[in-house]
Every structure is written in C-alpha cells, then in structure tokens.
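Asker: I would like to see how this sequence folds:
(4 chains)
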2 protein chains.
Amino acid sequence: MSNRPPSMRDVARLAGVSLSTVSRVMRGVPGVSPVVRERVQSAADELSYVVSRNASGLVTGRTGRVAVIVPFLQPWFFGSVLAGISDTLRHADLDMLVHQVGELRGQRGWTRSLPLRRNSDAVITVSMDLSSEECERLDDVGVPLVLTGQKVPGRACVFIDDRQGAAKATRHLLNLGHTRVAYIGSTGGPWLSLSSRHRLEGYRAAMADAGLPEWSVLSSPGRRGGELAMGELLAEHHPPTAVLTEFDDMAMGAYRTLRRSGVPVPGAISLMGFDNHEVASVLDLTTVDQAPRAIGTAAAELTIGILNEDAPHRHVEMPTQLILRQSTSTVRERP
Amino acid sequence: MSNRPPSMRDVARLAGVSLSTVSRVMRGVPGVSPVVRERVQSAADELSYVVSRNASGLVTGRTGRVAVIVPFLQPWFFGSVLAGISDTLRHADLDMLVHQVGELRGQRGWTRSLPLRRNSDAVITVSMDLSSEECERLDDVGVPLVLTGQKVPGRACVFIDDRQGAAKATRHLLNLGHTRVAYIGSTGGPWLSLSSRHRLEGYRAAMADAGLPEWSVLSSPGRRGGELAMGELLAEHHPPTAVLTEFDDMAMGAYRTLRRSGVPVPGAISLMGFDNHEVASVLDLTTVDQAPRAIGTAAAELTIGILNEDAPHRHVEMPTQLILRQSTSTVRERP
DNA sequence: ATGCTCAATGGCATCGTTTTCATACAGTTG
DNA sequence: CAACTGTATGAAAACGATGCCATTGAGCAT
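Answerer: This is a model prediction of the structure:
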C-alpha cells in the first residue's frame, strides 16, 4: 500500500513553485503564466495528484457532495431516480452520498442520526413524504433541501400530478366503455401516503365526472395487498369489468389472483397499474408512466441551480403519460 | 438560512470546556468525567452539532466514506446490493458514496475521472467485471478495493458460484424428466460477461454429466433477447420441453413469447430463470436465488474488516438457492 | 506536610487546502 | 529617470477537527 497520497505541497516542490500557484492551477483560476501552468499540470499528472475535497471543503465551506435520502434502496423506483440524480450531479462535479433510512424511520429524531450537517452541500429526499416537522429538522442542517415525490408550498420540489395521472387512467377505462370500474389502493403504508391520497382522489373525480359510483378497496401496499383486494372484488356478485390499482406492484398481485382464478385479462376484466414498473411490460400491463429517472434528473438540476444561486423555479411538475398495453380492452359483458 | 453551522468551538464554549474535551466526548473515547460528558453531550444536542468529517478526516487521514462503483443504478439487482451495503456501513458509521459509471465505462481512464483518491477509505465495485489493468488503476487510489460479482485470486471478493448455480438449475429440470433442455444466454453484453460464461459452463457440465446434448441459444442480454431466443427455439421442429435462461430478465422475455404463442407454461414448456428477480414471484417463475442483499452485506463487512486491520478472509462465496415455483413441472409430451 | 500516582482537562501543533495580502518585476507613461 | 501600471508569484492566516504533551488537582501512602 502506498505510503501517503501526494499533497499539493509535493506537486509544488516538483514543479518548483509555491503552494498558491498550484492551487490556482488546480482550480483553473487566471493569474498564472501559461508556462508555469503547464509545468504544474504535468507535475500533478506525474504524481497522479487530485485535490482533497476534505481539505478544500474545509476552507470553502463546500463539500462537493449532495446527500440523497431514500426510504429504501431495493424497490425498482429508487434505483431509477438515483440513476438520474447521479448522472446529473456528475456533470456538476458533485458526488452523491446515499442514505437509506429504512426501518430507522419512525424513530424519533432519525434526521439527527444522519451525518448530514457539514457533510453535504444539499439534501435531496426521494419519496420520503416528509411531515413539515421533519422538513424543519432537515432545514436545521443548514443546506438547501429539495423534495421529490411531494409538493410543499414554498419549498423546492419535484413531483408528478398523481391526481391527474389517476384521473387520466380512469378516463381511459371509461372511454373503453366500462362502467363498473373499481380502484385498489393502499392503506397504512410506511410511506407515499400523500401520493396515495391523490391517486384515489383522481380516480374519484373521474368517476364523479362520468356520473358513475366509485368503488374502491383499500388493502396493504404491495403485491400481497393487490392479491387480496382482487380476491375481494371477484367475490362480489357483480364483479367490476375494469380495475385500476394505485401502483403496478398491486396490479401484479391482482394479476396473479386473476390468473389463478382463470379470469381472462383483458377478456373479462381490464387491469391497469400506475408507475410503469420495469416489468409492467412483461405482463403487458397498461399503466401510467411517471419517468422516475427524469424525476431524478430534475431534482439534481434544481439542486445545482440552487447551489449556484441562480435558482430559477422551485417547483417542477413532471408529466405523466398513459402507456397503453394489452391488459385493457373495450368492455365485453360476460354471458 | 442559518449563518454558519456550529463548530466544535461553539459547543465547547456553551459547555464551558475546552476543544479537546468536546472532541473526546464526540468520539466516545474515555478520559472524561461522566458529569462533563453529559454536559457536553447536551450542549451538542442543543446546537444540533455533528462533527465535520471533512475536518476530522484531515487529521486522521480517514474520510469515513466508502465509494461504491456500479455500472448502472436502474436494474433491480444493484439496488438490492446497495441496500445491503448501506445498512452495514451505517452500523460502522461509514457513509456511502455511489458512483454510477454507466456509459463512461470503456472510455480510457474512466477510473481517473472518479474523484476517489483521498475521498474514500475503501472502494467496493459491484458486478463491474474489472480487467486486471482496471484493478491496478483502482489500486492506485491507495485504498483497499473489494470486488463483488467476480473472483480474482489475491483480492478481496464476494461472489457466487455461477457455475454451480446453473448446474443446480439444470439438474432440477433433468430430474423432472426433461431431456430436451435448452439454454438461453446473453452475448456481447456491456458487463457481467464472466458470470455469463460460468453459467453457460454450469449448464453444459450438467447436460454432459447426464449424457445429453447441449442446446444453447445466445442472444442480446435483457428481455428482448429472451423474446427472440425463445422465438427461435419455438421455430424448431422439435422444440425443447424445458428452457433455462441466464437470468430472470431473459426468462421474462421468453415468457412473453410463450404467452403470445399460446404455449402453456409449464404444461408444454418448463421455464427457469436465474437471479430471483423481485418480480419472478409474480410470474411464478422457478429460479435460482443469489441473495443480492446478502452480497452487499458481505462486501461491506469485508470492507469494514479490512479497514479495521482484522481482515479475516478475503474471499467470500455466497450460496445460491433453488427457488421452486410453478413454471417448471415434470415432462408431459405433447400429443 | 510531602511526595506520588492517576484521572480529568486544557494548550497547541498539525492535517491539506483556499484566500487575502504583500512583494517583485516588467512595461508604460510623463 | 521617477512614478505608476498591472501581472505573476509567494507568504501566511484561516478552516474545524485530532492527538500529543503539559498541567491541574484529588486521593493516598509515607
């Protein structure tokens, strides 16, 4: 293992100049003659020297890092958002610190347990659905805060219009001629409850507009919840001919129940999800896309904008898009 | 926005002690009376002070951060590995820096472009399938390197026995009475090529052991490749009665083709994947689990061990496990 | 009382940068 | 030739922690 990584002093010695000059060259600021600049550059290359963010950050007060807080890392969605964030931050020469909150959440003062303060220039939360109290706790860190997946007045946020997305989906089903359109939603989940509410509202609004009665079943979030909820619906005397679920994961559970019960999709029941899960295409599931990667990109851009003080707009609404596949079709009443 | 984050000096002043004492308390080292310790602690809490890793790292030479390098962030697999790493590192009070290499890979000297040097205490690569030259480049950073998803003699690695896993899967199909067992593999993928090779070898070995002819189709990695490959197999005069794919993603593509062609699974063809993708259960896909989260955990533990100098074992082989679901069954010849 | 030990605490140099200020030197001008 | 530019360069003081060494004072044996 190498003894000690080279310091700026080593570069200075090798190039025969002072520390200040090396610093100027490394930061690319003017005020160094081309000859010297060249000499310093090649000295640095020779030692394969890179500036210690630790040390420079100490002086500048900037760490060159952005902390990203996610509830969990496993679900598909977060990987996509992180991918967007990561790519965008790299171009601004910022590193990405990832904190998975997970089960820690709920413990009083989990925001404290993260070593954010002084260790990042900004904080991005991903679908954390923060309470205003939690927001304030994070404000306390003293760096800009950018939220995704929730809309809070006066704060920098990136979000989608869940209400509109769900309404769009519902209208798609209604346009196909369905009148008995049920909704499977989640309840009591550990996060996303705000988005849950909005999606349900969107469905309700669309149904009301069409003058049709709403029909919603709430279950535990996740695949299992979808399975159970669909079971309930099938047990009805007159089951629905179309079902919209709050997210693709629940749709997959519902799909499983349908397959096991021998109910043809979309023959007897049209099924729709929400999210455009990476495997929705495998199931040919009609769904609503929310472009998670683009959300990440937007959040990172917003963050960079704020850090550069040229903060333009603080609210970014991402579009949702209907993805039509094979799991929905016009209504065909069963005999 | 607050003026300036509190420094250790502020805490010291508030608690009426010296800098050294605060430092001792924050690091939890002995040599401070309980009374003072308590006083300092509450002063720190009041200011919601946390130590600056930047500053402490400057002195100790440790950054308190571990860099994780992944090819991409979107695929399900990486999220799971990261989840394992993240949780484990947190307990050791280490932060996780994530670098997505993505398209950068392949550019000469991509290892240089990452600001690793001096900015992390260790580097973990996830399924990067590094060449020995790339390894050396990373050694150059001067911090311990831990590889996952590949086995390199003399280096700290975490990996699974792909060969054995594929052989296990193949034998499962053979035990069900299948004799025409095909393999769908990937070719020319941007990464994972080593693991690809091993899985194919495992399949071949199992077939050879059973005295049966191998039958493999290589296609582009990913779902689309699976679709196409399965199309090819179905076009044969005597299609196989069982198909093993290199990974679940390809199995999903294959599954789609089968569904569209009206071939019942597992009625006419038994289908197996490899990875235990989070949605394999939705499709009731029999597969081989490689516990990505556990891989992450193991890699992080290995890293921590090395950092604490008590590095025990440098090679960790993770077990694979057959996950039996509904997509495989005993052979039933079609009429 | 005196000397000794040991735990608790404070002082200060140090880490590797940035930043401000001072200096040297070349070129221009009156 | 003196005074004034302005541009390169260097010296030194931060930044916020750690870690070594010195100091203090209490407890105890002599």
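Asker: Close to chain B: what parts of the stretch 151-300 of chain A are there?
Answerer: The stretch 151-300 of chain A comes close to chain B at residues A:223, A:252-253, A:255-256, A:277-279, A:281-284, A:293, as judged by CB under 8 Å from any CB of the partner chain. In this view, the C-beta of every residue, glycine as well, is placed from N, C-alpha and C.
Asker: what's the farthest-apart pair in those residues?
Answerer: Spanning the widest gap among those are A:R256 and A:R293, at 27.4 Å by CB to CB.
Asker: Tell me the buried residues in the one helix or strand A:G225 maps to?
Answerer: Taking DSSP states H and E as the criterion, A:G225 maps to helix A:223-235. Using 16 or more other CB atoms under 10 Å in any protein chain shown as the test for burial, helix A:223-235 gives A:R223, A:G225, A:G226, A:E227, A:L228, A:A229, A:M230, A:G231, A:L233, A:L234.
Asker: For it, give the mean pLDDT please.
Answerer: In this model, helix A:223-235 has a mean pLDDT of 95.
Asker: Kindly provide the whole-number mean pLDDT of the helix or strand following that helix.
Answerer: Using DSSP H and E, the helix or strand that follows helix A:223-235 towards the C-terminus is strand A:242-245. Average pLDDT, strand A:242-245: 97.
Asker: Also stretch A:126-144?
Answerer: In this model, stretch A:126-144 has a mean pLDDT of 87.
Asker: what about it and chain B, any contact?
Answerer: Yes: judged by CB under 8 Å from any CB, stretch A:126-144 and chain B are in contact via A:D140, A:G142, A:P144.
Asker: So which bits of that stretch are buried?
Answerer: Residues of stretch A:126-144 classed as buried: A:126-130, A:134-135, A:137-144 (neighbour count, 16+ other CB under 10 Å).
Asker: where does chain A dip in pLDDT?
Answerer: Chain A contains residues with pLDDT under 70 at A:1-3, A:189-193, A:311-313, A:333-335.
Asker: thinking again about what came up before, neighbour count winner among A:R256 and A:R293?
Answerer: Using other CB atoms under 10 Å in any protein chain shown, the more surrounded residue of A:R256 and A:R293 is A:R256, with 20 against 17.
Asker: nearest spatial neighbour of that one, skipping sequence neighbours?
Answerer: Leaving aside its sequence neighbours, A:R256 sits nearest to A:E227 (CB to CB, 6 or more residues apart in numbering or on different chains; 5.7 Å).
Asker: Identify each of the helices in chain A and give its residue range.
Answerer: All helices of chain A, identified by DSSP state H, fall at A:8-15, A:19-27, A:34-46, A:53-60, A:76-91, A:110-113, A:132-139, A:162-175, A:193-209, A:223-235, A:248-261, A:292-307.
Asker: Quick check: which of those is nearest to B:G267?
Answerer: With respect to B:G267, and counting by CB to CB, the nearest of the helices of chain A is helix A:248-261 at 13.8 Å.
Asker: Now do the closest one and helix A:76-91, the angle between them.
Answerer: 150 degrees (axes from the mean of the first three to the mean of the last three CA atoms, to 10 degrees).
Asker: packing partners for helix A:248-261?
Answerer: When contacts are defined as 3 or more CB pairs under 8 Å, 6 or more residues apart in numbering or on different chains; DSSP states H and E, helix A:248-261 packs onto strand A:181-186, helix A:223-235, strand A:242-245, strand A:270-272.
Asker: ok, and what's touching that helix?
Answerer: Contacts with helix A:248-261, where a contact means CB atoms under 8 Å, 6 or more residues apart in numbering or on different chains, come from A:184-186, A:219, A:221-231, A:234, A:243, A:245, A:265, A:269, A:271-277, A:279-280, A:283, A:285, A:287, A:327, B:279, B:282, B:284.
Asker: Among those, name the buried ones.
Answerer: A:184-186, A:219, A:221-223, A:225-231, A:234, A:243, A:245, A:265, A:269, A:271-277, A:279-280, A:283, A:285, A:287, A:327, B:279, B:282, B:284.
Asker: and the residue of the stretch 101-250 of chain A at minimum distance from DNA strand D, how many neighbours does it have?
Answerer: At 6.4 Å from DNA strand D, A:R118 is the closest residue in the stretch 101-250 of chain A, using CB to the nearest atom of the strand. Applying other CB under 10 Å, we find 23 residues neighbouring A:R118.
Asker: how near is it to B:P115?
Answerer: Separation of A:R118 from B:P115 (CB to CB, to the nearest Å): 18 Å.
Asker: cool, and A:L228?
Answerer: To B:P115, A:L228 is 49 Å away according to CB to CB.
Asker: ditto for A:S33
Answerer: With the distance defined as CB to CB, A:S33 ends up 27 Å from B:P115.
Asker: Next: A:V70.
Answerer: According to CB to CB, A:V70 and B:P115 sit 22 Å apart.
Asker: and if you look at A:A169?
Answerer: Taken as CB to CB, the span from A:A169 to B:P115 is 43 Å.
Asker: Those two: who's more crowded?
Answerer: Ranked by neighbour count (other CB under 10 Å), A:A169 and B:P115 place A:A169 first, with 28 against 22.
Asker: OK, contacts around the more buried one?
Answerer: With contact set as CB under 8 Å, 6+ apart, A:A169 has these partners: A:G202, A:Y203, A:L244, A:M272, A:F274, A:T287, A:V288, A:L322.
Asker: From those, pick the one nearest chain B.
Answerer: Among these, A:T287 lies closest to chain B (CB to the nearest CB), at 13.8 Å.
Asker: which residues does the closest one bridge with?
Answerer: A:I323 (DSSP bridges).
Asker: Would you quantify the distance from it to A:H172?
Answerer: For A:T287, the distance to A:H172 equals 10 Å [CB to CB].
Asker: next one: A:R180
Answerer: Remark: distance between A:R180 and A:H172 (CB to CB) = 15 Å.
Asker: if we can go back for a sec, what's the helix holding A:G225 in contact with?
Answerer: So helix A:223-235 is in contact with A:182, A:184, A:186, A:217-220, A:239-240, A:243, A:245, A:249-258, A:261, A:263, B:281-282, going by CB under 8 Å, 6+ apart.
Asker: Narrow these to just the buried residues.
Answerer: Neighbour-count burial (16+ other CB under 10 Å) applied to these gives A:182, A:184, A:186, A:217-220, A:239-240, A:243, A:245, A:249-258, A:263, B:281-282.
Asker: Quick check: closest non-adjacent residue to A:L94.
Answerer: If the residues on either side of it in the chain are set aside, A:L94 comes closest to A:V66, at 5.3 Å by CB to CB, 6+ apart.
Asker: how about A:T286, what does it touch?
Answerer: Counting by CB under 8 Å, 6+ apart, A:T286 touches A:H172, A:S270, A:L271, A:M272, A:G273, A:L322, A:I323, A:L324, A:R325, A:Q326, A:S327, A:T328.
Asker: Can you give me the neighbour number for the nearest residue to A:G79 once chain neighbours are set aside?
Answerer: With CB to CB, 6+ apart as the criterion, A:G79 has its nearest non-adjacent residue at 4.0 Å, and that residue is B:G79. Using other CB under 10 Å, B:G79 has 28 neighbouring residues.
Asker: Likewise for A:R199?
Answerer: Using other CB under 10 Å, A:R199 is surrounded by 28 other residues.
Asker: so A:S132 touches A:Q150, yeah?
Answerer: No: taking contacts as CB atoms under 8 Å, A:S132 lies outside contact range of A:Q150: 10.8 Å.
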